[in-house]
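In: after the sequence you'll find the predicted model.
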Amino acid sequence: MTPGSRNLITDIPGLKVGNAQDDHLKSGTTVLTADTPFTASVHVMGGAPGTRETDLLAPDKSVNRVDAIVLSGGSAFGLDACSGVSDALRAEGRGFQVGSAVVPIVPGAILFDLLNGGDKTWTDNPYRALGRAAYLSASDWFDLGSAGAGTGALAAMQKGGLGSASLVLDNGVTVGALVAANPLGSVTTPGDRHFWAAPFEIGDEFGGLGPDPAAGLGQPEPSRKAQAMRPAAPEDGNTTIAIVATDAQLTKPQCHRLAVAAHDGIARAVVPAHTPGDGDLVFGLSTGAKPIDDSDVGLIGHAASLCVSRAIARAVYLATPAKGDRLPCWSVVNDLC
């Protein structure tokens, strides 16, 4: 398995990603869409998710294809980004046909970034416009780090961000991940230099520093994020939300299994993960371009978990400093900025 040419989820043909953000707000939105509707499901393992239209992604529900998936900052306010995407899709005549009506299917998930130092004194919810702008900017190239839904994300010890990674399997199937990393847990080992995901790094995609040589690393340091967000409780205001995708031809139940397997990637890259105060969630999708054997599904899920781990580390590694930040970015902490 090797990364695709971009090392992005858009190495999967037909997928496009768009970002929109407001640096004054310190928040933003990321939209994944495709040339045609795709099969999708979802699995939630965090205790505090914020979502829209995820119930219809259950394997037993009747809608089999969706038009776009939204990852957004803004907590519950950010769910309105899905409405902006729906507006844009409707204007293009895209959506689920019900008689003469066309209804775009746009599931979404949000992360909490309301206490990150940005100006949240808006009168009108800004996320509908951000969602529309992100959709309209979608292409096969997009920014990582402090961009889109990762603009205001914070990990335990430093800025979070938006990350992506891909793998091409020996059978020609491509797998990719797109992650907005805003976890309660730490993405780096004690000392802030090494990433928990280091054993899965390919080349120097997040610095090439290798695994931490120390032992007994399971006890994380006191969270800078919790201190910066006081008086909020340490368990408030977190979430890692992700999309994993493949061009392998998967059914809706198989997309659900893909999402389940991909959660291993969060647990390998964030310590602790899947806490009661995280809304950890993974969407799994298939463009259906390449027929496969059922025996390939397990390997595709494993590849998705590796992409998620790498994408989380890349999100933090590529985050950049901005005025008014509550936490430093990884490059500043390590004198590499």
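Out: Perfect, thanks for sending it. Numbers count the residues shown, from 1 in each chain.
In: list the residues that contact the residue nearest in space to the middle of the chain.
Out: Nearest to the mean C-alpha position of the chain, by C-alpha atoms, centre = their mean, lies residue 179 at 2.1 Å. Each residue near residue 179 by C-beta atoms under 8 Å, 6 or more residues apart in numbering is listed here: 162, 163, 164, 240, 241, 242, 243, 308, 311, 312, 315. (Each C-beta comes from the backbone N, C-alpha and C, glycine too.)
In: how is it assigned, secondary-structure-wise?
Out: Under DSSP: H, G, I helix; E, B strand; the rest coil, the three-state class of residue 179 is strand.
In: tell me what it is bridged to.
Out: When bridges are taken as DSSP bridges, the partners of residue 179 come out as residue 163, residue 242.
In: again with residue 31
Out: residue 18, residue 70.
In: that one: how many residues sit nearby?
Out: 33 (other C-beta atoms under 10 Å).
In: show me what the helix ranked longest in the chain is packed against.
Out: Ranked by residue count and defined by DSSP state H, the top helix of the chain is helix 297-317. On a contact count with 3 or more C-beta pairs under 8 Å, 6 or more residues apart in numbering; DSSP states H and E, helix 297-317 meets strand 161-168, strand 174-182, strand 239-248, helix 252-269, helix 330-333.
In: dump the contacts of residue 179 into TSV; add pLDDT, neighbour count and distance to residue 291 as well.
Out: Rendered in TSV, the data for those read as follows (pLDDT from 0 to 100; neighbours: other C-beta atoms under 10 Å; distance: C-beta to C-beta, whole Å):
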residue	pLDDT	neighbour count	distance to residue 291
162	98	31	32
163	98	35	30
164	98	28	26
240	94	34	32
241	96	32	30
242	97	29	26
243	98	31	22
308	98	35	25
311	98	34	27
312	98	33	31
315	98	34	33
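In: what would the helices and strands packed on helix 297-317 look like in JSON lines with distance to residue 5?
Out: As requested, those are exported to JSON lines (distance: least, C-beta to C-beta, whole Å):
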{"stretch": "strand 161-168", "distance to residue 5": "9"}
{"stretch": "strand 174-182", "distance to residue 5": "10"}
{"stretch": "strand 239-248", "distance to residue 5": "14"}
{"stretch": "helix 252-269", "distance to residue 5": "21"}
{"stretch": "helix 330-333", "distance to residue 5": "25"}
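In: which among the ones you listed is found nearest to residue 98?
Out: helix 252-269 (19.4 Å; C-beta to C-beta).
In: buried residues, the closest one. List them.
Out: 252, 254-269 (16 or more other C-beta atoms under 10 Å).
In: extract the C-alpha trace of it and format it as PDB.
Out: The C-alpha trace of helix 252-269 is given here as PDB (Å, rounded to 0.1, in the frame of the first residue of the first chain):
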ATOM      1  CA  LYS A 252     -24.500   0.300   2.500                       C
ATOM      2  CA  PRO A 253     -23.900  -2.300   5.300                       C
ATOM      3  CA  GLN A 254     -20.300  -2.600   4.100                       C
ATOM      4  CA  CYS A 255     -19.900   1.200   4.300                       C
ATOM      5  CA  HIS A 256     -21.000   1.000   7.900                       C
ATOM      6  CA  ARG A 257     -18.300  -1.700   8.600                       C
ATOM      7  CA  LEU A 258     -15.800   0.600   6.900                       C
ATOM      8  CA  ALA A 259     -16.700   3.400   9.300                       C
ATOM      9  CA  VAL A 260     -16.500   1.100  12.300                       C
ATOM     10  CA  ALA A 261     -13.000  -0.100  11.300                       C
ATOM     11  CA  ALA A 262     -11.900   3.400  10.700                       C
ATOM     12  CA  HIS A 263     -12.500   4.400  14.300                       C
ATOM     13  CA  ASP A 264      -9.400   2.300  15.200                       C
ATOM     14  CA  GLY A 265      -7.500   5.100  13.400                       C
ATOM     15  CA  ILE A 266      -8.800   7.700  15.900                       C
ATOM     16  CA  ALA A 267      -7.800   5.400  18.900                       C
ATOM     17  CA  ARG A 268      -4.300   5.000  17.500                       C
ATOM     18  CA  ALA A 269      -3.800   8.700  16.900                       C
END
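In: okay, angle between it and helix 297-317 too, please.
Out: With axes from the mean of the first three to the mean of the last three C-alpha atoms, to 10 degrees defining the directions, helix 252-269 sits at 40 degrees from helix 297-317.
In: which other helices and strands contact helix 252-269?
Out: By 3+ C-beta pairs under 8 Å, 6+ apart, helix 252-269 packs against strand 27-44, strand 239-248, strand 281-290, helix 297-317.
In: packed most tightly, which of these would that be?
Out: strand 239-248 (a mean of 30; mean count of other C-beta atoms under 10 Å).
In: tell me the angle of that one relative to strand 27-44?
Out: 70 degrees.
In: elements contacting strand 239-248?
Out: Using 3+ C-beta pairs under 8 Å, 6+ apart: strand 239-248 touches strand 27-44, strand 65-72, strand 108-110, strand 174-182, helix 252-269, strand 281-290, helix 297-317.
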